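Asks: Model the structure of this input:
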Amino acid sequence: MKYALVTGGSRGIGKAVCVQLAKDTNYHILINYNSNKDAALNTLEEVENAGGTGEILQFNVVNADEVKEVLDAWQDNNKDAVIEVLVNNAGITKDGLFMWMPHNDWQDVINTSLNGFFNVTNHLIQKLLVNRYGRIINMVSVSGLKGTPGQTNYSAAKGAVIAATKALAQEVAKRNITVNAVAPGFIKTDMTHDLNEKELKKMIPANRFGEAEEVAHAVSFLSSKKASYITGEVININGGIYS
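Replies: Modelled structure (predicted):
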């Protein structure tokens, strides 16, 4: 059996990705969550309702030791298993103007998006290289491309992941491993729940917020064999806001 791991898979875009992969592929979906077990179980239920199989895995992507411990224990229980697809989706926002930004708000956002990417990807990359096949998809943001005021920390974290995506893609391409990033704009999720959609959509050429499923379709495509000649790319899904 082949496996796909989605970090931060219990809610929002991560959840939509898990369900879409269940619909489109034969992968057994590993749904990572940090604290909200009920949400993760709910995602698992939707994966199964979509005709897929899966399980939940609890670890905090920020904690390298925990990542290693949980994934190693899982591997021991699934000796021949290969995680072929990795979707680095876990991320948080702690918005605020830079001049008033507490050190922790900077640190936490960088740790989750950037160090989380390192901890999980670095732990799995060797097996992908031995396997000579893999798909890594990093969830970034329009903020990481154009920068968003009030999100200097988030823009920095996502911008760094975009650069890492392009570098890693070149390192592993010979082994049939692609590394791409998906950069959503304003998508209807818990993360954007408090934003003023009515005001903000005036800035968006498509004149609406996107749906999580619209992002998940692109992730599903990038995780398939059909996308084998696409690597080091950033796919924008933002209704034309940054074009």
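Asks: Kindly check the end-to-end length of stretch 99-108 for me.
Replies: End-to-end distance for stretch 99-108, by C-alpha to C-alpha, to the nearest Å: 17 Å.
Asks: Packing partners of the longest helix along the chain?
Replies: Longest helix in the chain, counting residues (DSSP state H): helix 152-172. Packed against helix 152-172 by the contact rule (3 or more C-beta pairs under 8 Å, 6 or more residues apart in numbering; DSSP states H and E) you find helix 103-110, helix 116-131, strand 134-139, helix 142-146, strand 177-184. Glycine gets a C-beta too; all of them are placed from N, C-alpha and C.
Asks: one more time with 6 Å, if that's ok
Replies: The helices and strands touching helix 152-172, judged by 3 or more C-beta pairs under 6 Å, 6 or more residues apart in numbering; DSSP states H and E, are helix 103-110, helix 142-146, strand 177-184.
Asks: who touches the first one?
Replies: With C-beta atoms under 6 Å, 6 or more residues apart in numbering as the test, helix 103-110 has contacts from 94, 153-154, 157.
Asks: Phi first, then psi, for the nearest residue to residue 205 once chain neighbours are set aside.
Replies: The shortest distance from residue 205 to any non-neighbouring residue, by C-beta to C-beta, 6 or more residues apart in numbering, is to residue 240 (3.3 Å). For residue 240, the backbone dihedrals (degrees, to the nearest 10) come out as phi 90, psi 10.
Asks: and residue 240, how many residues sit next to it?
Replies: Neighbour count of residue 240, defined by other C-beta atoms under 10 Å: 12.
Asks: From residue 214, how far off is it?
Replies: Using C-beta to C-beta, to the nearest Å, residue 240 is found at 13 Å from residue 214.
Asks: Would you mark the buried spots in the helix or strand of the chain with the lowest mean pLDDT?
Replies: Between all helices and strands in the chain, the lowest mean by mean pLDDT, DSSP states H and E belongs to helix 197-200, at a mean of 81. The neighbour-count check on helix 197-200 (16 or more other C-beta atoms under 10 Å) flags nothing as buried.
Asks: Identify the residues contacting it?
Replies: With C-beta under 6 Å, 6+ apart as the test, helix 197-200 has contacts from residue 209.
Asks: which helices and strands does the helix or strand following it pack with?
Replies: Moving toward the C-terminus from helix 197-200, the first helix or strand encountered (DSSP states H and E) is helix 212-222. Contacts defined by 3+ C-beta pairs under 6 Å, 6+ apart place helix 212-222 against helix 12-24, strand 177-184, strand 234-237.
Asks: 10 Å instead, please
Replies: Secondary-structure packing of helix 212-222 (3 or more C-beta pairs under 10 Å, 6 or more residues apart in numbering; DSSP states H and E): strand 2-6, helix 12-24, strand 82-88, strand 134-139, strand 177-184, strand 234-237.
Asks: Next, find the distance separating residue 193 from residue 183.
Replies: Between residue 193 and residue 183 the distance is 20 Å, computed by C-beta to C-beta.
Asks: do residue 145 as well
Replies: With distances taken as C-beta to C-beta, residue 145 is found 6 Å from residue 183.
Asks: Over to residue 119?
Replies: Between residue 119 and residue 183 the computed distance is 21 Å (C-beta to C-beta).
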